[in-house]
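*Asks:* Provide a 3D model corresponding to the input given below.
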Amino acid sequence: MTGLIEILRAFLKYVTTTSSFGNFTLGNGIMILVGFILLYLAVKKNYEPLLLVPIGFGIIVGNIPYEASMALGYQDVSSSGPSFLNIIYWGVKNGLYPPIIFLGIGAMTDFSALLSNPKLLLLGAAAQVGIFTTLFGAKLLGFTMAESGAIGIIGGADGPTAIFLSSKLAPHLLGAIAISAYSYMALVPVIQPPIMKLLTTKKERLIKMRPSRKVTKIEKILFPIIAFFVTCFVAPGAISLLGMLFFGNLLKECGVTERLASTARTSFNDIAVILIGFAVGASTQAQYFLTPQSLKIFALGAFSFAIATAGGIIFAKIMNVFLKPADKINPLVGAAGVSAVPDSARVAQAVGLKEDPTNHLLMHAMGPNVAGVIGSAIAAGILWSQLIK
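*Replies:* The predicted model follows:
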């Protein structure tokens, strides 16, 4: 009988001090619920499943509590070495994964829509107003300039860029910024249409744009080379992102490295997406993540994304004042200036088709969409160079 009591005491001690049951907090429960919500959005609603499934499950894994001496978390390094989560998180905090993802994006991207109508580049630039507006908003809420710059980049709707910049300027806010950026990327089909309809008239939504001209092979090959020099001389802080983006595109367009381009846009890119998503999710441990700062970041992220969407639309309307009737731009494509590729371009297409089933805007919207990718990376490079001091 005494032996049985001792066993029960040992078991109770284990449950209350060592097992996850004994260390579980309300915060862990809230974050695990958030993880399940992201999984629901990914699986049931098909919102960015390639991103939200790794992030959602990573949040669940990262919020299973453990005894501190076990050193299992993303910040933990024991006498026997770093934990598994610490190892994969190294690529996040040191900026390894975002350039690899940019390589894959470059190998997937066709810049023909932008090359055939270069003025669409201006819409991608205009959408970056969300970044700088939110920077000042964050400063007014008490964040430092470096923190504000990292938060502002959420307005670019580019998860890898947000992770890259926050790892440089505000690594302690990386989890909240990354989750916010990826969440709003996933919710593009929900957030953008109301803003698009609010800021445009039915007549504007019915505008049919001139068909795109055919872009030559030599233009496609020269573009990534020339664009790299131009953008990186302007913003050298973006060399790692834009260098990999244009390198990936050159692999695709040059015609002699299809095997490398295929690897860059498939398996290599997929590995980086899995690691960055899971590591970011696992870094949202309740004791570090559930803070008033995180709530402010989520609110600022929504504001930033809305302003970026509005900026592209409004600038398209301004451009139309100076364009000939045959060259006018459907303002819906301005919303694609955020760099959520290709979702924001698809949203512009979907909203346009609701007004006129014969008005296909996808290829036109891809112009500002890929310009937004370049624009957000340039903005990140400029912010890094100015705010790291």
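*Asks:* What separation is there between L173 and F305?
*Replies:* According to Cβ to Cβ, to the nearest Å, L173 and F305 sit 17 Å apart. Every residue, glycine included, has its C-beta placed from N, CA and C.
*Asks:* Please report how far the residue nearest the centre of the chain lies from L387.
*Replies:* The C-alpha lying nearest the average C-alpha coordinate of the chain belongs to G159 (Cα atoms, centre = their mean; 1.7 Å). For G159, the distance to L387 (Cβ to Cβ) stands at 20 Å.
*Asks:* What about the residue nearest to F24 when sequence neighbours are not counted, how many residues nearby?
*Replies:* Leaving aside its sequence neighbours, F24 sits nearest to P65 (Cβ to Cβ, 6 or more residues apart in numbering; 5.4 Å). P65 has 19 neighbouring residues, counting by other Cβ atoms under 10 Å.
*Asks:* Looking at L173 and F305 now, which is surrounded by more residues?
*Replies:* A side-by-side neighbour count of L173 and F305, using other Cβ under 10 Å, places F305 first with 29 against 21.
*Asks:* list the contacts for the more buried one?
*Replies:* Listed by Cβ atoms under 8 Å, 6 or more residues apart in numbering, the contact set of F305 reads 130, 154-155, 157, 184, 191, 338.
*Asks:* Check which residues of the longest helix along the chain are buried.
*Replies:* Longest helix in the chain, counting residues (DSSP state H): helix 292-322. For helix 292-322, a neighbour-count test (16 or more other Cβ atoms under 10 Å) marks 293-294, 296-298, 300-317, 319-320 as buried.
*Asks:* in stretch 374-389, what counts as buried?
*Replies:* Using 16+ other Cβ under 10 Å as the test for burial, stretch 374-389 gives 374-384, 387.
*Asks:* how distant is it from the center of its chain?
*Replies:* 15 Å (Cα atoms, centre = their mean, to the nearest Å).
*Asks:* hang on, the earlier thing: please produce TSV containing the contacts of F305, extended by distance to V347, secondary structure and neighbour count.
*Replies:* Compiled in TSV, the contacts of F305 are given as follows (distance: Cβ to Cβ, whole Å; DSSP: H, G, I helix; E, B strand; the rest coil; neighbours: other Cβ atoms under 10 Å):
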residue	distance to V347	secondary structure	neighbour count
G130	16	helix	30
I154	18	helix	36
G155	17	helix	34
A157	11	coil	33
Y184	13	helix	26
I191	9	helix	22
V338	10	coil	36
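*Asks:* Including distance to T257 and pLDDT, could these go into JSON lines?
*Replies:* Below are those laid out as JSON lines (distance: Cβ to Cβ, whole Å; pLDDT from 0 to 100):
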{"residue": "G130", "distance to T257": "36", "pLDDT": "88"}
{"residue": "I154", "distance to T257": "34", "pLDDT": "87"}
{"residue": "G155", "distance to T257": "34", "pLDDT": "81"}
{"residue": "A157", "distance to T257": "30", "pLDDT": "75"}
{"residue": "Y184", "distance to T257": "34", "pLDDT": "82"}
{"residue": "I191", "distance to T257": "38", "pLDDT": "89"}
{"residue": "V338", "distance to T257": "30", "pLDDT": "86"}
